[in-house]
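**Student:** just a sequence and a predicted model for now, questions to come.
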Amino acid sequence: MTVGAGGAAGPLLLGVRHHGPGSARAVGAVLEAYEPGVVLIEGPPEADAVAAAAGDDGMVPPVALLAHAVDEPGRAAFWPLAEFSPEWVAIRWAVRRGVPVRFIDLPAAHTLAMSEGEQETVPGGTDGGGAAGDAEPDPGAGPDAAPEDGSGVRLDPLAALAEAAGYDDPERWWEDAVEHRRGAAPGADPYEPFAALGEAMAELRAVHGAGGHQRDLVREAHMRLRLREARKEFGDAATAVICGAWHVPALTEAVTVTADRRALKGLPKVKAEVTWVPWTHRRLARRSGYGAGIASPGWYHHLFTAPDRPVERWMTQVAGLLREQDHQVSSAHLIEAVRLAGTLATLRGRPLAGLTETTDAVRSVLCEGSDVPLELIRDRLVVGDVLGEVPEGGPAVPLQRDLARCQRAVRLKPSAAERELDLDLRKENDAARSRLLHRLRLLGIDWGEPVRSRSGSTGTFRESWRLRWEPELSVRVAEAGIWGTTVREAATAKARSGAVEPGTALADVTALAELCLLARLPDALPVVMRVLADRAALESDVGHLARALPALVRTLRYGDVRGTDAGALAEVAGGMAERVRVGLPPACAGLDSEGAREMRGHLDAAHQAVNLLARDRPAADGAAPPDTEGGAAGDLLDRWRTVLRTLAGRDRVPGLLRGRCARLLLDDGQLADTEAERLVSLALSPGTPPAEAAVWIEGFLAGGGMLLVHDERLLALVDRWLTGVPADAFTDVLPLLRRTFAEYEAGVRRTLGELVRRGPAGEGGRRGSGEHTGLPGFGAGLEARRADAVLETVRLLLGTASAGDGSGTADGSHEREGARV
């Protein structure tokens, strides 16, 4: 039994599109006119307990009801609501007038318990994007949520009604028929549009049935049971139902209570909790993967909130955005754009210029035919980055409340817009922000992502983050609540659990130790360190040790900057580095090409780690100043370099690794130029197979080509070897060399090509030799007096010596100084 025009007895059945400003406006008008005693909303009944929070002024849509399985992390569903959602309008109307609000859809306890297969046959399952409440085929929900007819073909109710009305575009028909309505005519019954839409849906269901979805039948059975309860308690005339229009005919079917209860019998069930979380317009957009999403949430929000003249007000927003981007937009442009949008609407037979007409007008007039600024308008206005707010006192898991407190304490407000944050860890607030972001990362709440600083700073006292709050993070917060009620407590518990979990790799444990220091979790660090020491003592794979060492050594540098004690790591790091050194020679012998390439990565990582350890550890041990190589760490570095020298000359070691060891020694200043040239000559001698010589060159030259730019003798050796490679071996060598030189920057490759094109430079040309290079444009020798003046300025810039210290002289010492600088 339904309400007819004129207010005949029966419940108010208001079939809507879930996110439609016209539907929302019409729902508000009906509620004001009929003033029901109870409002029933399509949504999980668990939300009855939190509905009152919607009346709080601090609750700013878009928001969503979040349901999650308490004992099963990963099972969650959302019911998003925007300011222009009919359900939100109804909830606000009822709560602020003291009218009871009840949700009548299938309980979230059943929805979350169902597997994907069960969701295909039973209702309430998520739509694949986490929006369980909007998986049904309501008008405007889009083809992804449409039902199937008896033949298994999906039916789009909007498309069927639009076709009957003579429209080829369902969205345009819905906008013209519903969304662009500014209200009922004076004296008209505001319920009439809902009655007409209900009749249309009844005709569709009479032809196509229930759509072939068993889950809709079960959901509708639960809706009827809840509707019966409300009618019995409040009466027919005092009951209003706001649900997807597709369900309206099902609520009037003559089905017995016994049949409905039978349909619900035996459904799986879990313990579920429901709370409010912020949502975004971007996540309401259909292109985000939301099954019942809309194409233009920003435009719909504008249609709902604009008091009058929506097209003119929209064009004003567009002009403001373009002017912010330094586009020239005048008042004349705006007048012409509004006029063009109206003309297009008239030509297309539309009652009001819609988004299509305004977009065409903006492209033609304000963007001068370009789609580039139009993309900005679509992103910032048509969709938008609006982020809702949930009041502090609202229902939330304890961890969410503590996170909000932490965010206020460090003055870091969540935002849906992506932004970069640079932190100076010497400042207390910035250090606190860093700790919070690292603790959240440990909990799997990736609000921030570490990035390289745009300023190019690489100091340990600086960090850069890319921040963006996504609604899904609210699920992560709820799930992380099993670890504790505060961010610090939860991060500590999860770190401890992750360390002792069986099967955790050594590299993962060292990364966890690093994260514990970054997040300053002193209660978790002892457990992590004990596990790390045990795993390192039992680990025999050099590759695993080498991969774990860099993160461990990096943590030794954080003590002074972050105020944490990293001394417990020094002994473990030193022992691990020693084991890598001892095990490296046998691990490098007899490797194939793939194994050698993998080992080269481990070799580079271990070399960098040992150098860091040697530079930082003496100061921590009190043995020697940081700029020296004394103490135990210095001995370790000496022993490490001895191993590199051994590997560089051992025939059983693959050429890729021998070449790499030679290059690392050269870069460290432990290999004289003449010795480097001897090794290159030996590796490229005629007796060496071309393929083996090529991989040696790859290892030696990888990582930067400036060595060849500044040492033309080495360049000449490589050039002579390459020109002497036999034709039948050249095709085997070429891919190896191409891979090596492809890593160089374009400017380096260009310089090398120019040097080769000019031809040999003669016997001279070594770095810092001061000999004539023989290249066009260079003089016969070095002008000492002019060089002295240049070096003085360079030293001032680099801070290597004070000005006027007399170190730049004309006796030739400037040549050595120039080479060093």
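**Tutor:** Yep, that arrived. Residues are numbered from 1 along each chain as shown.

**Student:** go ahead and confirm A676 touches C661.
**Tutor:** No. In terms of Cβ atoms under 8 Å, A676 does not count as a neighbour of C661; the distance is 11.8 Å. C-beta coordinates here come from the backbone N, C-alpha and C atoms, glycine included.

**Student:** looking at the two, which is more packed in?
**Tutor:** Applying other Cβ atoms under 10 Å to A676 and C661 shows that C661 carries more neighbours, namely 29 against 20.

**Student:** ok, that one - contacts?
**Tutor:** Contacts here follow Cβ atoms under 8 Å, 6 or more residues apart in numbering; on that basis C661 touches L603, L644, R645, L647, A648, G699.

**Student:** in a strand, that's where R411 is, yeah?
**Tutor:** No. R411: not assigned to a strand; according to DSSP: H, G, I helix; E, B strand; the rest coil it is coil.

**Student:** can you start the count at 27 instead of 1 from here on
**Tutor:** Sure, I'll start counting at 27 from here, so that last one is R437.

**Student:** who are the contact partners of it?
**Tutor:** Taking Cβ under 8 Å, 6+ apart as the contact definition, R437 lies against N455.

**Student:** distance check, it against C614.
**Tutor:** Relative to C614, R437 is positioned 52 Å away (criterion: Cβ to Cβ, to the nearest Å).

**Student:** swap in R43?
**Tutor:** In this structure, R43 and C614 are 67 Å apart, going by Cβ to Cβ.

**Student:** same deal with V526?
**Tutor:** Between V526 and C614 the distance is 33 Å, computed by Cβ to Cβ.

**Student:** neighbour-wise, which of the two wins?
**Tutor:** Comparing V526 with C614 by neighbour count (other Cβ under 10 Å), the higher total belongs to C614, at 26 against 12.

**Student:** list the contacts for that one?
**Tutor:** C614 sits in contact with A622, M625, L673, V679, P680, L683, where contact means Cβ under 8 Å, 6+ apart.

**Student:** ok, R245 touching H136?
**Tutor:** No. Using Cβ under 8 Å, R245 makes no contact with H136, being 9.7 Å away.

**Student:** okay, the two: which has more neighbours?
**Tutor:** When R245 is set against H136 and neighbours are counted by other Cβ under 10 Å, the residue ahead is R245, at 29 against 23.

**Student:** could you check the pLDDT of the more buried one?
**Tutor:** Among the per-residue scores, R245 shows a pLDDT of 92.

**Student:** again with P761
**Tutor:** Predicted confidence (pLDDT) at P761: the value is 81.

**Student:** give the helix, strand or coil label for Q696.
**Tutor:** Under the three-state scheme (three-state DSSP), Q696 adopts coil.

**Student:** which residue is the nearest non-sequential neighbour of it?
**Tutor:** Nearest residue to Q696 in three dimensions, chain neighbours excluded: R667, at 5.4 Å (Cβ to Cβ, 6 or more residues apart in numbering).

**Student:** hang on, isn't the one you found packed against D693?
**Tutor:** No. With contact defined as Cβ under 8 Å, R667 does not reach D693; the gap is 11.4 Å.
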